[in-house]
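Student: Predicted structure and sequence below. I'll ask about it afterward.
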Amino acid sequence: MIGSHVRHEIDDAAGFGWTIPEATFNWATMVANKDKEIARLEGLYATNVEKAGVRIVKTRAVIEDAHTLRLATGETVTTKYILIATGGMPNHGPVIPGIEHVISSNEAFHLTELPRRVVIQGGGYIALEFAGIFAGFGSDVTVVYRGDNILRGFDEDVRAHVRAEMEMAGITILTGCTITSIDKRNHDYISHLSNGSSIASSKVMFAIGRHPNIANLGLEKVGVAINPSNGGIAVDSFSKTSAPNIYAIGDVTHRTNLTPVAIREGHAFADTVFGKRTAEVDHSNIPTAVFSQPEVGTVGMTEQEARAKFSHVDIYKTAFRPIKSTMSGRDTRVLMKLVVDGVTDRVLGCHIVGDGAAETIQAVAIAVKMKATKADFDATTALHPTAAEELVTMRTPTARHVREAAAE
């Protein structure tokens, strides 16, 4: 995402007095440097793990019984505890004609060249992030999503704002339809949609979600139960499965599929099983970011969630052009929104769309986690000139919602 966003920085430079020759982009250079950085990070992680005395075996393992793993090499490993952290994998949904032509996010950065035109099916994190990446590098991008709007589960104002900004940037977003089949014609692919239209593109990506990577692990041999509501491994608050000595963390449980959450769950497992102190992960008020363009940062309840639970909800919302945009001439706006319990004054949620949203929401998440009130925000001196100062200068609610009684 950072690499594709450089294009905006170059375009904006003229507004600040810079004259920059016409820039060109080389996809192969970007991919090579990406691979180099990933290899460096993997090396660091592996070194740290090995320094801790861990043996790393790069092969497939299958559970033979409650205390035995059989490796693809033929070796067996006996252990007191087993921790499953096999993550998730792309889910392309129902099989359709031409599904073999589809790529996922796994293959996107291994393409030999930047596609001229890309069709992306999906409306969540991965779909929108790659839409911004490809568009930023110069591809013509169309997003196809079955729902009425992108970013299902996010605050409605966030969903509307992100869509408007993406469309203004030239990304086509088609909602209320799906790709029903794909034909290959010469060097292009023709995606046929459920609304009767079709789109030609160089590549077709599906990013409609990921499912837990649990196939053929031998879970049934040891009675590890699957959660029927989400398809992930069923676990309790300590990440313990239905098998007493087997635990599972991260995306394979399909709870909150975010890397920092998986890390926290792994740490809690180590503390509980080996650290002689019980530790549970609180999955409430987890901050999250969508590195789309524009960027989204959010923590806590959406307005819709708050209104369903609390009798009085106050909304503080503003949308404005940041100083950088007024100087550069870029027609983009930042959205900031606070959701507040109208009875206790507690800030229930914060939602930001714009540059630096993720950085800002990380700090705001501390306040939300500590149950800060709107009065606490108001008592904080604004840091000027920043976009984030709007969070502590919004004094008047833009909306107030009252109902007779809170939900049970």
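Tutor: Yep, that arrived.
Student: Which residue lies nearest the spatial centre of this structure?
Tutor: residue 125 (4.1 Å; C-alpha atoms, centre = their mean).
Student: In space, what's closest to that residue - neighbours in sequence excluded?
Tutor: Leaving aside its sequence neighbours, residue 125 sits nearest to residue 290 (C-beta to C-beta, 6 or more residues apart in numbering; 5.2 Å). Every residue, glycine included, has its C-beta placed from N, CA and C.
Student: Report the beta-bridge partners for that neighbour.
Tutor: Listed by DSSP bridges, the beta-bridge partners for residue 290 are residue 296.
Student: so it touches residue 126, yeah?
Tutor: No: with contact defined as C-beta atoms under 8 Å, residue 290 and residue 126 do not form a contacting pair (9.3 Å).
Student: who has more neighbours, those two?
Tutor: A direct count of neighbours by other C-beta atoms under 10 Å for residue 290 and residue 126 places residue 290 higher, at 26 against 22.
Student: what's the spacing between that one and residue 146?
Tutor: Per C-beta to C-beta, to the nearest Å, residue 290 is found 18 Å from residue 146.
Student: Same check on residue 57?
Tutor: Between residue 57 and residue 146 the computed distance is 41 Å (C-beta to C-beta).
Student: higher neighbour count, those two?
Tutor: A count of neighbours by other C-beta under 10 Å puts residue 146 above the other of residue 57 and residue 146, at 17 against 12.
Student: Relative to residue 45, how far out is the more buried one?
Tutor: 37 Å.
Student: same check, this time on residue 113
Tutor: Remark: distance between residue 113 and residue 45 (C-beta to C-beta) = 30 Å.
Student: What of residue 230?
Tutor: Taking C-beta to C-beta, one finds residue 230 at 28 Å from residue 45.
Student: Of these two, give the one with the bigger neighbour count.
Tutor: Taking other C-beta under 10 Å, residue 230 and residue 45 do not tie; residue 230 has more neighbours (14 against 11).
Student: Residue 89 is in contact with residue 214, isn't it?
Tutor: No: applying C-beta under 8 Å, one finds residue 89 not in contact with residue 214, separated by 9.6 Å.
Student: Which one's more surrounded, these two?
Tutor: Each of residue 89 and residue 214 has its neighbours counted (other C-beta under 10 Å); residue 214 has more, 20 against 14.
Student: who's in contact with that one?
Tutor: 86, 226, 231-233, 252 (C-beta atoms under 8 Å, 6 or more residues apart in numbering).
Student: what helix or strand does it sit in?
Tutor: Under DSSP states H and E, no helix or strand contains residue 214.
Student: How confident was the prediction at it?
Tutor: Here, the pLDDT recorded for residue 214 equals 95.
Student: swap in the one 3 residues further on?
Tutor: Residue 217 is assigned a predicted lDDT (pLDDT) of 96.
Student: burial measure for it, as a count.
Tutor: Look at residue 217: counted by other C-beta under 10 Å, it has 19 neighbours.
Student: quick revisit: what's the residue nearest to the centre of the chain sitting at in phi/psi?
Tutor: phi -50, psi -60 (degrees, to the nearest 10).
Student: For the stretch 151-300 of the chain, which segments count as helices?
Tutor: Taking DSSP state H, counting those that start in this stretch to define them, one finds helices in the stretch 151-300 of the chain at 156-168, 259-273.
Student: Need the residues that contact the first one.
Tutor: Judged by C-beta under 8 Å, 6+ apart, the contacts made with helix 156-168 from elsewhere in the structure are 128, 131-132, 143, 149-152, 173, 290, 292-294, 296, 298, 302-304, 317, 319, 331-333, 335, 337, 351, 353.
Student: Surely residue 252 and residue 85 touch.
Tutor: Yes: using C-beta under 8 Å, residue 252 is in contact with residue 85, at 6.4 Å.
Student: quick one: which of those two has more around it?
Tutor: Per other C-beta under 10 Å, whichever of residue 252 and residue 85 has more neighbours is residue 252, with 22 against 17.
Student: wait, what's in contact with that one?
Tutor: Taking C-beta under 8 Å, 6+ apart as the test, what residue 252 contacts is 84-88, 212-214, 232-233.
Student: Buried ones among these?
Tutor: Neighbour counting by 16 or more other C-beta atoms under 10 Å classes 84-86, 88, 212-214, 232-233 among these as buried.
Student: So which of those residues is the closest to residue 271?
Tutor: residue 85 (15.8 Å; C-beta to C-beta).
Student: And the pLDDT at the closest residue to residue 257 other than its chain neighbours?
Tutor: Spatial nearest neighbour of residue 257, chain neighbours left out: residue 251 (4.5 Å); criterion: C-beta to C-beta, 6+ apart. pLDDT for residue 251: 97.
Student: Remind me what the least confident helix or strand in the chain by mean pLDDT packs against, helices and strands.
Tutor: None of the helices or strands of the chain scores lower by mean pLDDT, DSSP states H and E than helix 2-12, at a mean of 81. On a contact count with 3 or more C-beta pairs under 8 Å, 6 or more residues apart in numbering; DSSP states H and E, helix 2-12 meets helix 125-137, helix 323-328.
Student: can you list the residues that contact that helix?
Tutor: Residues contacting helix 2-12 (C-beta under 8 Å, 6+ apart): 20, 23, 25, 30, 132-138, 293, 324, 328-330.
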